[in-house]
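> structure for the following, please:
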Amino acid sequence: MKKISARWRNLYTKAGFSSFMASLLAILCGLVVGFVVLLVADPANAFWGLLAILTGGLSDMKNLGQVLYAATPIILTGLSVGFANKTGLFNIGASGQFIVGAYVAVLMGVKCTFIPGPLLWLACLLGAMLAGAVWGLVPGFLKAVCNVNEVIACIMMNYIGMYGVNFLIQLTVFDSLKNQSLPVAENANAPKLGMDLIFRSGATASSANAGIFIAVLAGVVIYYLIEKTKFGYELKACGYNRDAARYAGINVKRVMIVTMVLSGAISGIAGMLQVTGTDFTLSTGVASGVGFTAIIVAWLGQLNPFVILVFTAFFSILEKGSGVIQTAFGLSSYAADILQGVILFFILGCEF
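Next comes the predicted model:
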């Protein structure tokens, strides 16, 4: 190729290489510190426990399918955080947007059984997008119009979403006899597309489904939106310098609001795919730290949609491996969470 775009040339610049190496160094330091923690907890099994965390998700086709399933919501929420940050906004409200999207999807999956065939799944998808978008609109509007710190607003929306959903579950989709929310209709679940036949171990199939393709497609669309459209140019201009963008004629308030709305919609989709991926029901812990893991992968990926996909795979392997060390070695499954937290600590150190 005679012509190489400036975008790809930037990958080879000193700054780009340094950022990439900083992310790898953060992971390496996190693994070293995590190994020390395992060594203190159980010296005899520390090495094999760490090895199990890193390879347990790749041990067979079923576990690989579970890695893909676990990666789906993390990819989408990571993209949500990274997309908002392009405008200079820190969307720490991904957990709240995630859980309201999950709730609306379950509500529609339980109550809207009159919608035929796969149309119900598509309706749940649109409902979750709308719910997440509304949850992102509030902090975006407050930031753009009233200059309210979006981090504080997002945290408050997280709590409102969590406790609001806990309250609404009891009123709408809760089965008091089984002490759990009602399962969604079968046709509200994400289609398998034959992945249950590929990613299985014996008679047991994994939960892998079409959600992973939606997540990857979302990464491609977000990359195109950021790099190839007028709105993407305005978005990045606002992220670099809002005053300069305003002076250039860009409607900064509109860009900020639309960015948070789209970011919330992406997190809403993540929640929907989590609870309708199989015949899961909605629980109070459905978000399970997904929003905070999204922050880690977004920063590790340098806010690049494609790189986020790569680092999400790593964290999904850690998540699957955490269950392996618990059953094989008797070590706490929280070891993988410790690794994630330590890695985030080193990422922040590299940033500053």
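> from the contact counts, what lies against the helix or strand hosting Leu142?
Assigned by DSSP states H and E, Leu142 belongs to helix 119-146. Counting contacts by 3 or more C-beta pairs under 8 Å, 6 or more residues apart in numbering; DSSP states H and E, helix 119-146 packs against helix 94-111, helix 150-172, helix 252-275. C-beta: built from backbone N, CA, C; applies to glycine.
> quick one, helices of the stretch 201-350 of the chain?
211-228, 230-240, 242-247, 252-275, 290-300, 305-329, 334-351 (DSSP state H, counting those that start in this stretch).
> out of these, which comes closest to Leu28?
With C-beta to C-beta as the criterion, Leu28 lies closest to helix 334-351 of those, at 8.6 Å.
> averaged pLDDT, that closest one. What do you get?
The predicted model gives helix 334-351 an average pLDDT of 65.
> equivalent analysis for stretch 48-64, please.
Mean predicted confidence for stretch 48-64 is 76.
> show me how far it is from its chain's centre.
In terms of C-alpha atoms, centre = their mean, to the nearest Å, the centre of stretch 48-64 is found 21 Å from the chain centre.
> which residues of this protein score low on pLDDT?
By pLDDT under 70, the low-scoring segments of the chain are 1-20, 56-57, 176-180, 278-289, 291, 301-303, 322-337, 339-341, 343-344, 347-352.
> quick revisit: packed most tightly, which of the helices of the stretch 201-350 of the chain would that be?
helix 252-275 (a mean of 27; mean count of other C-beta atoms under 10 Å).
> which other helices and strands contact that one?
Using 3+ C-beta pairs under 8 Å, 6+ apart, helix 252-275 is in contact with helix 61-85, helix 94-111, helix 119-146, helix 211-228, helix 230-240, helix 242-247, helix 290-300.
> out of those, flag the one nearest Gly268.
Among the helices and strands packed on helix 252-275, helix 119-146 sits nearest to Gly268 (C-beta to C-beta), with 2.1 Å.
> out of the helices of the stretch 201-350 of the chain, which is closest to Asn149?
helix 252-275 (12.8 Å).
> and the angle for the closest one with helix 150-172?
40 degrees (axes from the mean of the first three to the mean of the last three C-alpha atoms, to 10 degrees).
> centre of the chain to helix 252-275, how far?
12 Å.
> can you show me the CA trace of it as CSV?
Output of helix 252-275 as CSV, limited to C-alpha atoms (Å, rounded to 0.1, in the frame of the first residue of the first chain):
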residue,chain,number,x,y,z
VAL,A,252,-21.2,21.8,22.9
LYS,A,253,-24.3,21.3,25.1
ARG,A,254,-26.0,19.2,22.4
VAL,A,255,-22.9,17.1,21.8
MET,A,256,-22.6,16.4,25.6
ILE,A,257,-26.2,15.4,26.0
VAL,A,258,-26.3,13.2,22.9
THR,A,259,-23.1,11.5,23.9
MET,A,260,-24.4,10.6,27.3
VAL,A,261,-27.7,9.4,25.8
LEU,A,262,-25.9,7.1,23.4
SER,A,263,-23.5,6.0,26.1
GLY,A,264,-26.5,5.1,28.3
ALA,A,265,-28.2,3.2,25.5
ILE,A,266,-25.1,1.0,25.0
SER,A,267,-25.1,0.1,28.7
GLY,A,268,-28.8,-0.6,28.5
ILE,A,269,-28.2,-3.1,25.7
ALA,A,270,-25.5,-4.8,27.9
GLY,A,271,-28.0,-5.2,30.7
MET,A,272,-30.6,-6.7,28.3
LEU,A,273,-28.1,-9.2,27.0
GLN,A,274,-27.1,-10.2,30.5
VAL,A,275,-30.6,-11.2,31.7
